[in-house]
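*Asks:* Below are the sequence and a predicted model for it; my questions follow.
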Amino acid sequence: MLKVYKMHYVADLGSDLLRSVSSHHRRNIKFALNEVEIEICAEPRAFAPDWLQLYATLTERHRVSGSADFSPHSLVQQLDLPGLTVLRATKDGATVGMTLWLANERHVYYHLGAYSDTGYACRASFGMFWVAIQHFGRLGLECINLGAGAGLRGDIEDGLSRFKQGWATHVLPAFLAGRVGGPARFSSLCNGARQEQDDYFPLYRAPGASFE
């Protein structure tokens, strides 16, 4: 099985980086950079307590639940991922935002970010994304995959989608691929399953799935 899952926003890391950024984002970049200091963390683990506190603010603010509600252990482990770059924003010496980025030899992938209430007020995310774009551009990487909007469908009208769209030069499809290795066992697991997204794979793990 192969199907389009969501459309991902992608930013090419060309020479004229600011030109592709929306005017709305450019105004917020200027505001943020006047409010916060942004650094690339040499030792991300040193800021694990800050990261946990920021993510707790995110889960409460956006009512995050399910698989995106990472455990503290998982959140700290993510700071040790190979190829990880962590950006940290501070105001008056306090951490107000952190973003996690994963890179290979050619591409960068935005992984996760979280902010304090002060970070939201300072629009820290705009400054942090701009600093990240500049940083990875100087490294000679080709593009940043910013991911899609929230939810299973990636609503293009939600705030996260609009934020990512403001940086993007184009969009690309992300695909889900699946293969059933044990048809009999798979059928028994799916037997009687009912849910709204009947194209979800595997059906027995679909959010909101119920069984007769």
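*Replies:* Great, that's in hand. Numbers count the residues shown, from 1 in each chain.
*Asks:* Determine the number of other residues adjacent to Leu54.
*Replies:* Residues near Leu54, counting by other Cβ atoms under 10 Å, number 22. Where C-beta positions appear, they are placed from N, C-alpha and C, glycine not excepted.
*Asks:* if you go through the protein in chain order, where are the strands?
*Replies:* 2-12, 37-40, 84-91, 94-103, 107-115, 143-147, 170-177, 193-194, 210-211 (DSSP state E).
*Asks:* wait, which of those is closest to Pro72?
*Replies:* For Pro72, the closest of those is strand 107-115, at 12.9 Å, according to Cβ to Cβ.
*Asks:* Adjacent strands (with direction) for the closest one?
*Replies:* Here strand 107-115 has these sheet partners by DSSP bridges: strand 94-103 (antiparallel), strand 143-147 (parallel).
*Asks:* What are the buried residues along the longest one?
*Replies:* Within strand 94-103, the residues that count as buried by 16 or more other Cβ atoms under 10 Å are Thr95, Val96, Gly97, Met98, Thr99, Leu100, Trp101, Leu102, Ala103.
*Asks:* wait, the third one sits on Leu54?
*Replies:* Which is Gly97. Yes - Gly97 is in contact with Leu54 according to Cβ atoms under 8 Å; the separation is 6.8 Å.
*Asks:* where do the contact lists of the two overlap?
*Replies:* Ala114, Tyr115, Ser116, Gly119 (Cβ atoms under 8 Å, 6 or more residues apart in numbering).
*Asks:* still on that earlier bit, which one of the strands of the chain lies nearest to Arg61?
*Replies:* strand 107-115 (8.8 Å).
*Asks:* ok, Glu39 - how many residues close by?
*Replies:* Neighbours of Glu39 using other Cβ under 10 Å come to 11.
*Asks:* Spit out the contact partners of the closest residue to it other than its chain neighbours.
*Replies:* Nearest non-adjacent residue to Glu39, counting by Cβ to Cβ, 6 or more residues apart in numbering: Arg88, 5.4 Å away. Applying Cβ under 8 Å, 6+ apart to Arg88 gives the contacts Ile38, Glu39, Ile40, Cys41, Phe47, Asp50, Thr95, Gly97, Met98.
*Asks:* Turn the strands of the chain into TSV, including mean pLDDT.
*Replies:* Below are those laid out as TSV (pLDDT from 0 to 100):
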stretch	mean pLDDT
strand 2-12	88
strand 37-40	98
strand 84-91	98
strand 94-103	98
strand 107-115	96
strand 143-147	95
strand 170-177	88
strand 193-194	64
strand 210-211	58
